[in-house]
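Peer 1: what follows is a predicted structure for the sequence shown.
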Amino acid sequence: MECGTGSWEIQRNDMAVNERGIREALKVVLDPELKKSLLDLGMIRDISVEEGQVSLSLALTTAKCPRKDDIVDEIKRVLGRLPGVSGVNIKLSTLNREELTQLFPKHPLVGLEKVRHVLAVASGKGGVGKTTIAINVALALAGKGLRIGLLDADVYGPSVPVMLAIEGSPEEENKTIIPIEKFGLRVMSLGMITEKGQPIVWRGPLVSKAIKQLLGEVMWGELDYLVVDLPPGTGDPSITIAQSIPNASILMVTTPQEVALADVRRAIDLFKKFEMGIVGLVENMSYFSQDSSGKPIAIFGRGGGEKLSREFGLPLLGKIPIELEIGKGGDSGIPLMISSPNSETGRIFQGIAEKILSAAR
Ligand SMILES: Nc1ncnc2c1ncn2[C@@H]1O[C@H](COP(=O)(O)OP(=O)(O)OP(=O)(O)O)[C@@H](O)[C@H]1O
Ligand SMILES: [Mg+2]
């Protein structure tokens with residue numbers, strides 16, 4: 001048979017595209033997070049074809065779907081290749097609450113369903129730089145191309161919103177909370193849902209409820225890591241949180257001085273008692289580097305991290321110096337891993353992220 005242009009033209013016109021053909025072609029278009037066909041999920045509706053013009057509606061799980069444009073482009077690309085299709089119109093909408101519960105008895109993007117690892121940053125005592133480490137490690141992991149969430153679970157003093165200069169509160173949609181995107185992280189904090197400047201009085205059951213909400217009702221979506229900034233100490237909240245996250249591994253933050261070690265030891269013992277895996281230790285405020293002489297000064301003494309590492313057989317993943325940039329970053333809302341990711345300290349954070357990743361392999 002001849003394959004000339006003429007016969008091709010006839011073939012094209014003969015292949016009037018219909019709804020069945022469209023459905024067949026759309027089978028390959030998957031929801032990027034759920035990895036299931038949009039058709040099977042019931043998210044593509046009202047398909048019609050008129051003189052080569054395809055119209056359909058796309059009902060998303062959330063209007064804020066970050067991959068909205070990718071999905072639309074993919075549908076257009078797949079349908080655009082079909083002979084006889086001259087254009088594609090897509091009307092966007094969202095699944096309503098009933099449809100969501102019908103499609104997913106438990107919403108697959110809410111809660112920890114699609115979160116591969118949880119890394120909880122803990123310390124025995126306050127003020128050692130736990131939040132600073134949580135934020136910069138989260139950013140270092142994101143810098144490796146991973147999808148990262150950051151949950152500020154510090155019920156006493158949620159400071160992530162200040163340290164990342166996040167204003168406003170997260171939106172709610174269909175009774176689920178949508179995290180705020182900042183520096184590529186999906187961020188959620190108790191500080192975003194409580195009144196600014198209001199003291200937070202947390203009693204046991206309240207804490208437990210708030211944490212369960214933050215873990216279970218937030219639309220975390222698909223994440224490689226959810227980094228959790230735990231409250232300081234070994235009190236009720238840390239235990240509640242630690243127990244309510246299945247398979248969370250702990251990153252312990254310490255400072256070098258001997259007096260800090262007793263609290264960290266107690267915390268490590270506690271996590272061990274609850275059979276929680278500890279990925280390693282980070283020593284913060286390890287030394288202060290002077291610009292000119294370059295000689296590091298051990299302001300808070302030295303050796304704490306190494307000592308704990310030996311005692312508990314835990315790897316020391318990195319030592320972070322005292323650095324003006326870190327202190328300034330905490331106040332300005334621009335963390336070191338954003339302002340200078342390739343500085344000497346930035347590279348230490350990158351090294352910590354690499355070790356966390358290789359421990360998970
Ligand atoms: N390596 C560092 N160099 C300079 N400043 C630092 C360093 N680490 C932390 N800081 C600063 O110390 C202060 C306390 O740090 P951070 O809030 O991270 O500690 P924390 O352990 O989370 O405290 P809390 O127990 O109150 O939650 C912040 O102002 C922070 O910017
Ligand atoms: Mg903190």
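Peer 2: Yep, it's here. Numbers count the residues shown, from 1 in each chain. Ligands and ions are numbered 1, 2, ... in the order given.
Peer 1: can you name every helix or strand that the longest strand anywhere in the chain contacts?
Peer 2: As assigned by DSSP state E, the longest strand anywhere in the chain is strand 277-289. Under the contact definition 3 or more Cβ pairs under 8 Å, 6 or more residues apart in numbering; DSSP states H and E, strand 277-289 sits against helix 130-142, strand 248-254, helix 258-273, strand 296-297, helix 304-312, strand 316-322, helix 344-360. The way it works is simple: take the backbone N, C-alpha and C, and place the C-beta from them, glycine included.
Peer 1: lowest mean pLDDT across the ones you listed, which one is that?
Peer 2: When these are compared on mean pLDDT, strand 296-297 scores lowest, with a mean of 78.
Peer 1: now the residue nearest to the spatial centre of the chain, which residues is it bridged with?
Peer 2: Ranked by distance to the mean C-alpha position of the chain (Cα atoms, centre = their mean), the top residue is Gly149 at 1.5 Å. Taking DSSP bridges as the rule, Gly149 bridges to Arg186, Leu226.
Peer 1: surely it is in contact with Leu226?
Peer 2: Yes - shown here, Gly149 and Leu226 form a contact pair, counting by Cβ atoms under 8 Å, at 4.3 Å.
Peer 1: overlap in contacts of these two?
Peer 2: Taking Cβ atoms under 8 Å, 6 or more residues apart in numbering as the criterion, Gly149 and Leu226 both touch 115, 220.
Peer 1: tell me the contacts of Pro341?
Peer 2: 139-140, 143, 349-350.
Peer 1: widest-spaced pair of those?
Peer 2: Maximum pairwise distance in these, criterion Cβ to Cβ, is 9.8 Å, between Leu139 and Gln350.
Peer 1: of the two, which one has the most company?
Peer 2: Leu139 (26 against 21; other Cβ atoms under 10 Å).
Peer 1: how about the more buried one: what's its closest non-neighbour residue?
Peer 2: Met337 (3.6 Å; Cβ to Cβ, 6 or more residues apart in numbering).
Peer 1: grab the nearest non-local neighbour of Asp154.
Peer 2: Pro231 (4.7 Å).
Peer 1: what do you get for His107?
Peer 2: His107's closest residue in space is Leu100 (Cβ to Cβ, 6+ apart), at 5.9 Å.
Peer 1: need the phi and psi values for Val115.
Peer 2: Note on Val115: backbone dihedrals following degrees, to the nearest 10 are phi -100, psi 120.
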